[in-house]
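Engineer: Predicted model and sequence follow; I will ask about them next.
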Amino acid sequence: MVPKAAAIEGITGRVNAAPSLEQETNPWQAQAARFDEAATKLNLDKGIWKILREPTREIIVHIPVTMDDGTVEVFTGYRVQHSISRGPGKGGIRYAPDVSLDEVRALASWMTWKCAVVNIPFGGAKGGVICDPKNMSQGELERLTRRYTASLIEFLGPEKDVPAPDMNTNEQTMAWIMDTYSMHMGQTVTSVVTGKPVSLGGSRGRREATGRGVATVTDQALKFLNMNASETTVIVQGFGNVGMHSARLLWERGYKVIGIGEYDGALYNADGIDIGELVEWKTRRGTIHGFAGAGPFDKDELLTQPVDVLIPAATENVITSRNAERLQCRILVEGANGPTTAIADEILADKGVFVVPDILANAGGVTTSYFEWVQDRMGYFWAEDDVNQRLERVMIESFDAVLQYAVQHNVNNRLAAYMLAIDRVAFTTKQRGIYA
Ligand code: GLU
């Protein structure tokens, strides 16, 4: 089939030509294509459309860091605040060599829509620093993190913008940010970041929250399609914080996990992989390589194997016009942000794949971040069971709301999630009015 060109230029009215692979995989254009499609369907007010299409604020910083050998390196960092209409900016910070402003913009917008889908009182923001964390020492990462935080100090705060972990950042990174911010403020301010260690005001259950959310919406999709966990096969791409906990929780719930992919290889076992053992293996050795409970497999081929549930839980653009046609899953649950391009969406729709879109599927992380922010501000911390139950409730309600929207408006799940989110953000944007 010839994929329809995505409405990348949107309201600018330029004629759409079929985009190149480079355009197709530009995350900002991928986000904008979905936004424009949903806004058109919603018949969104043109003024609100223009406001919500662009980020509110984009900050670029160049951060000097003294490396371990005494030389000075300058790193480029971004923080994009897409919307603060429904509350403070919220979203992770990622460290990677290929971070770009367009990527951070897209991720910030996705945070706005994600927070609105699960109806928590945050806007959307995202940060990124161009660096190669795998080749940096802890000391270098700490100095980078502290200087990045100091450069952004006036834009961060519990009521302004609240960072969290994302790719290659973790609880330790959040502890450094919290400490740096607190030193500037002259007091400990735990609620300036989420995803902190539990001993420093983090929430129980936050570490596995994204995976728990993924498992919950997968259960809901099965229920909707009248399927049984014990007869359902799963392939997970990514075995980091999101992929590992998604795979583990689904395996614990009786699903048969037959494939696990990583950036440097994959494992496959048609009889099912013991994920408990694999988690132990990876935790001890830092890699899935050499695990005896499954055979090595080509990491790209893994995505196109016959399976009931495919969970991309690594990075953007893994399902594109180049491989979407060959996918053989019945359900796609997007643990990662932006794993599917807008053109691949159309191909998957034609194939009848049931998609649980990223802004719903991976919203468990930010939902528990919201719980963490609430607990920090109360100074009262909940038991893990309470956190998990509240999270499950939010995920189930949000899944139902998106599905109901899709049926009512006769649109696919992704469009339904965007429409629901945009409608909510448009409402508060209109209510607040334009300050002049
Ligand atoms: N980085 C995560 C995401 O993409 C979590 C963001 C947060 O908790 O603020 O949703």
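Structural biologist: Happy to help now that I have it.

Engineer: ok, which stretches of the stretch 251-400 of the chain are helices?
Structural biologist: For the stretch 251-400 of the chain, applying DSSP state H, counting those that start in this stretch gives helices covering 275-285, 299-302, 342-351, 358-361, 364-378, 384-409.

Engineer: Go ahead and produce CSV holding the CA coordinates of the fourth one.
Structural biologist: Taking Å, rounded to 0.1, in the frame of the first residue of the first chain, the C-alpha atoms of helix 358-361 are listed here in CSV:
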residue,chain,number,x,y,z
ASP,A,358,2.1,5.6,24.4
ILE,A,359,0.4,8.5,26.1
LEU,A,360,-1.9,6.0,27.8
ALA,A,361,0.2,2.9,28.0
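
Engineer: Wait, Thr428 touches Arg86, no?
Structural biologist: Yes - contact criterion CB atoms under 8 Å: Thr428 and Arg86 qualify, at 5.1 Å. For the C-beta atoms, the positions are set from N, CA and C on the backbone; glycine is no exception.

Engineer: what separates the closest residue to the ligand within the chain from Phe224, distance-wise?
Structural biologist: Per CB to the nearest ligand atom, Gly92 is where the chain lies closest to the ligand, at 2.8 Å. Separation of Gly92 from Phe224 (CB to CB, to the nearest Å): 29 Å.

Engineer: What degree of burial does Pro97 show, as a neighbour count?
Structural biologist: Look at Pro97: counted by other CB atoms under 10 Å, it has 11 neighbours.

Engineer: Numbering from 46 from now on, please.
Structural biologist: OK, 46 is where the count begins now, so the last one is Pro142.

Engineer: hmm, back to that, for Thr473 and Arg131, work out which one has more neighbours and name it.
Structural biologist: Per other CB under 10 Å, whichever of Thr473 and Arg131 has more neighbours is Arg131, with 21 against 15.

Engineer: Report pLDDT for the more buried one.
Structural biologist: Confidence at Arg131, expressed as pLDDT, is 98.

Engineer: my guess is it meets Gly168, correct?
Structural biologist: Yes - judged on CB under 8 Å, Arg131 makes contact with Gly168 at a distance of 5.6 Å.

Engineer: Who does Val281 form a beta bridge with?
Structural biologist: Val281 has these beta-bridge partners by DSSP bridges: Ile305, Ile356.

Engineer: Contact partners for it?
Structural biologist: Shown in contact with Val281 (CB atoms under 8 Å, 6 or more residues apart in numbering): 288, 291-292, 302, 304-306, 356, 358, 380.

Engineer: Mind checking what secondary structure Pro208 has?
Structural biologist: Assigned with DSSP: H, G, I helix; E, B strand; the rest coil, Pro208 falls in the strand class.

Engineer: Neighbours of it, how many?
Structural biologist: 29.

Engineer: what's near enough to touch the residue nearest to Thr360 when sequence neighbours are not counted?
Structural biologist: Distance criterion CB to CB, 6 or more residues apart in numbering; nearest residue to Thr360, sequence neighbours excluded, is Ala381 at 5.8 Å. Shown in contact with Ala381 (CB under 8 Å, 6+ apart): 282-283, 287, 357-361, 363, 403, 407.

Engineer: Return the members of these classed as buried.
Structural biologist: 282-283, 287, 357-361, 363, 403, 407 (16 or more other CB atoms under 10 Å).

Engineer: TSV please, covering those and showing pLDDT and distance to Arg438.
Structural biologist: TSV is the format used below for those (pLDDT from 0 to 100; distance: CB to CB, whole Å):
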residue	pLDDT	distance to Arg438
Gln282	98	28
Gly283	98	26
Val287	97	21
Pro357	98	26
Ala358	98	23
Ala359	96	28
Thr360	95	29
Glu361	95	29
Val363	97	30
Asp403	98	21
Asn407	98	17
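
Engineer: Output those as CSV; include the columns distance to Met230.
Structural biologist: Below are the buried ones among the contacts of Ala381 laid out as CSV (distance: CB to CB, whole Å):
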residue, distance to Met230
Gln282, 40
Gly283, 36
Val287, 31
Pro357, 39
Ala358, 35
Ala359, 36
Thr360, 34
Glu361, 35
Val363, 40
Asp403, 34
Asn407, 31
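
Engineer: rewinding a little: quick one: which of Gly137 and Phe269 has more around it?
Structural biologist: Comparing Gly137 with Phe269 by other CB under 10 Å, the one with more neighbours is Gly137, at 26 against 14.

Engineer: hang on, the earlier thing: and among the helices of the stretch 296-445 of the chain, the most buried is which?
Structural biologist: Mean neighbours per residue, mean count of other CB atoms under 10 Å, is largest over the helices of the stretch 296-445 of the chain for helix 403-406, with a mean of 30.

Engineer: So which elements touch that helix?
Structural biologist: helix 146-162, helix 254-269, helix 429-454, helix 458-477 (3 or more CB pairs under 8 Å, 6 or more residues apart in numbering; DSSP states H and E).

Engineer: Could I get the full set of strands for the stretch 96-245 of the chain?
Structural biologist: Here the stretch 96-245 of the chain has its strands, by DSSP state E, counting those that start in this stretch, at 102-111, 117-128, 134-141, 169-175, 206-210.

Engineer: just the ones you listed: most buried one?
Structural biologist: The highest mean neighbour count among the strands of the stretch 96-245 of the chain, using mean count of other CB under 10 Å, belongs to strand 169-175: a mean of 28.

Engineer: okay, Ala63: pLDDT?
Structural biologist: At Ala63, the model reports a pLDDT of 75.

Engineer: Can you say which helix or strand has it in it?
Structural biologist: Using DSSP states H and E, Ala63 falls within no helix or strand.
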